[in-house]
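Colleague: Sharing a sequence plus its predicted fold:
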Amino acid sequence: VTQAGETLKCSEEIVVFYRLSTKEEKDYWEKQQKTASFVVIGSLTKPEKNRNLNQFDYQRYLSHNKIHWMLEATSIQAHSGPEKQTFLDLINLKNIRQTILFHIESKTTIPVSSYIKTLLFADTASIDDQVMNGYKEIGIIHLLSISGLHIQFFIAGLTYILWRSGMTREHTYIFLFVFLPIYGSLTGWGTSIFRAVVMSLISQTGSRIRRPISGLDAWSYTLIIGLWIDPYQLFSIGFQLSYLLSLALILFSTSLFNQSKYSTINSLSISFVLTLISIPILSFHFFEFSWIGMFANLLFVPLFTWFIMPLMIVLFFCSYILSGTLFFQFLIHIAEYSLGMIEWLVLKIRLFPYGTIVTGKVPMVLFIVTVVVMVIFLIALEQQKKKKKNKDAQGEEASEQAPAEQPAQSEEQPRKKKKSEQAQEQPAQEQPAQ
């Protein structure tokens, strides 16, 4: 940063805006696969507050991300220093991430590469805006962000493969302890990724040292660590939804979400409760919420979990091993057709009338009342389920004790019979004696 002819060292993060002037310049930036140093010339300005009432406040958004200046760049030039590729450049995870994303784009088609980058590396920039808005409007946008669902899927799959290949539990734990932080760095350490990775590491470490840690304790430790690293993320919508919904899953997983013998009913109850919990946050930030997501999740969650996600993982590894083969092209065609059908279905569901309820700006008093009523409702629902569960348990115990009591009673009856017969025989024997 140059100020009054003097060069000042500054570690503050700023936002840079720059308009590309030629096609050659555009191609140059698209080919960049590693981080580099540049000289940027421009003017610093402070972000403006929102001019319209209840409009998105970009100044507040940047402030919560510790950014207080914007730079309108007039020119960007590569640093003139000598370019030497050091060992640190080779192991730089940002450079590795860019190399992987460029490889995915070059070996697969645009629709397939956009979903591989989104589901495996949290890069949503390639998905069409109309499709992305469709996912948002029907309430299944969480399927396109790496969350606890994806991390648990990776852990379960890796653990199964490592155990089947003969690796011990101790070595599997060490591998996951090294792999998960590296994978988190490759994905950019989003809020959901950080929570899922740290919770998994805490739980596995507790099991490894023979001190099991409950899900609620692991959640609490992760929350404290996350806020200690960056307290500003408390204002993030993703942070609020990620931690609140994961807490609901932990609290109600053993009682409220596991009542029916049918998995569909349990999935519907999970979708209902999570949708209910997310309504205050969505209404507070976006002034609307989608109720249709409660039913859309029943269709799309299993589809993404058991088909799309494994297919994207297979395609990613095959792009390094089987690229250019007929089998790889066959998988690409299957993926394109499946993703096209899913996007078509998303856009059709999006047209469903009244799928999104617009609340407008909710007054703070009404917001607090809604949250309190919702908490009371969930507590009452949980207590009712516990009472029902206790009654069922008592009924089972009574039914188990009843057959055990019947033989005892049947044994007592012959004893009484024998006593009565003996009592009758005694007077009969006394009469001849008299």
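Modeller: Received it, and whenever you're ready, just let me know what you need. Computed from a prediction, not measured in an experiment: that's the story for all the values here.
Colleague: residue ranges of the strands in the protein, please?
Modeller: Counting by DSSP state E, the segments of the chain that form strands are 2-3, 6-7, 15-17, 38-45, 70-78, 288-290, 356-358.
Colleague: and the fifth one with strand 38-45, angle?
Modeller: This points to strand 70-78. 160 degrees (axes from the mean of the first three to the mean of the last three CA atoms, to 10 degrees).
Colleague: coming back round to it: can you lay out the strands of the chain as CSV showing distance to Thr191 and mean neighbour count?
Modeller: C-beta coordinates here come from the backbone N, C-alpha and C atoms, glycine included. What follows is those, written out as CSV (distance: least, CB to CB, whole Å; neighbours: other CB atoms under 10 Å):
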stretch, distance to Thr191, mean neighbour count
strand 2-3, 35, 8
strand 6-7, 36, 8
strand 15-17, 20, 12
strand 38-45, 29, 12
strand 70-78, 24, 13
strand 288-290, 20, 18
strand 356-358, 24, 14
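Colleague: Mind putting these into TSV with distance to Lys23 and mean pLDDT?
Modeller: Output for the strands of the chain, formatted as TSV (distance: least, CB to CB, whole Å; pLDDT from 0 to 100):
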stretch	distance to Lys23	mean pLDDT
strand 2-3	30	52
strand 6-7	33	54
strand 15-17	20	90
strand 38-45	20	85
strand 70-78	16	84
strand 288-290	40	86
strand 356-358	40	86
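Colleague: Turn these into JSON lines, columns for distance to Arg210.
Modeller: Converted to JSON lines, the strands of the chain look like this (distance: least, CB to CB, whole Å):
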{"stretch": "strand 2-3", "distance to Arg210": "58"}
{"stretch": "strand 6-7", "distance to Arg210": "57"}
{"stretch": "strand 15-17", "distance to Arg210": "49"}
{"stretch": "strand 38-45", "distance to Arg210": "52"}
{"stretch": "strand 70-78", "distance to Arg210": "53"}
{"stretch": "strand 288-290", "distance to Arg210": "44"}
{"stretch": "strand 356-358", "distance to Arg210": "49"}
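Colleague: Quick check: mean pLDDT of stretch 312-331?
Modeller: Average pLDDT, stretch 312-331: 91.
Colleague: How about stretch 375-386?
Modeller: Mean per-residue pLDDT for stretch 375-386: 76.
Colleague: contacting residues for the closest residue in space to Thr159 that isn't next to it in sequence?
Modeller: Nearest residue to Thr159, sequence neighbours excluded (CB to CB, 6 or more residues apart in numbering): Thr172, at 6.0 Å. Taking CB atoms under 8 Å, 6 or more residues apart in numbering, we find Thr172 in contact with 158-159, 162-163.
Colleague: Give me the local confidence score for Thr172.
Modeller: Predicted confidence (pLDDT) for Thr172: 88.
Colleague: ok, now Thr187?
Modeller: pLDDT, Thr187: 87.
Colleague: Poorly predicted segments of the stretch 51-200 of the chain, please.
Modeller: For the stretch 51-200 of the chain, applying pLDDT under 70 flags the ranges 79-91.
Colleague: how about the helices in it?
Modeller: All helices of the stretch 51-200 of the chain, identified by DSSP state H, counting those that start in this stretch, fall at 58-64, 87-90, 93-107, 110-121, 129-137, 148-164, 169-187, 191-208.
Colleague: Buried residues in the third one, which are they?
Modeller: The neighbour-count criterion (16 or more other CB atoms under 10 Å) identifies 95-97, 100-101, 103-105, 107 as the buried residues of helix 93-107.
Colleague: just those now: which is nearest Ser214?
Modeller: Closest to Ser214 out of the buried residues of helix 93-107 is Arg97 (33.9 Å), distances taken as CB to CB.
Colleague: Would you agree that closest one is in contact with Leu186?
Modeller: Yes. Between Arg97 and Leu186 there is a contact under CB atoms under 8 Å: 5.1 Å.
Colleague: and for these two, which residues touch both?
Modeller: Residues touching both Arg97 and Leu186 by CB under 8 Å, 6+ apart: Phe121.
Colleague: returning to that earlier point: Serialize the buried residues of helix 93-107 to TSV and add fields for distance to Lys49.
Modeller: Output for the buried residues of helix 93-107, formatted as TSV (distance: CB to CB, whole Å):
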residue	distance to Lys49
Asn95	37
Ile96	39
Arg97	34
Ile100	39
Leu101	35
His103	42
Ile104	40
Glu105	38
Lys107	45
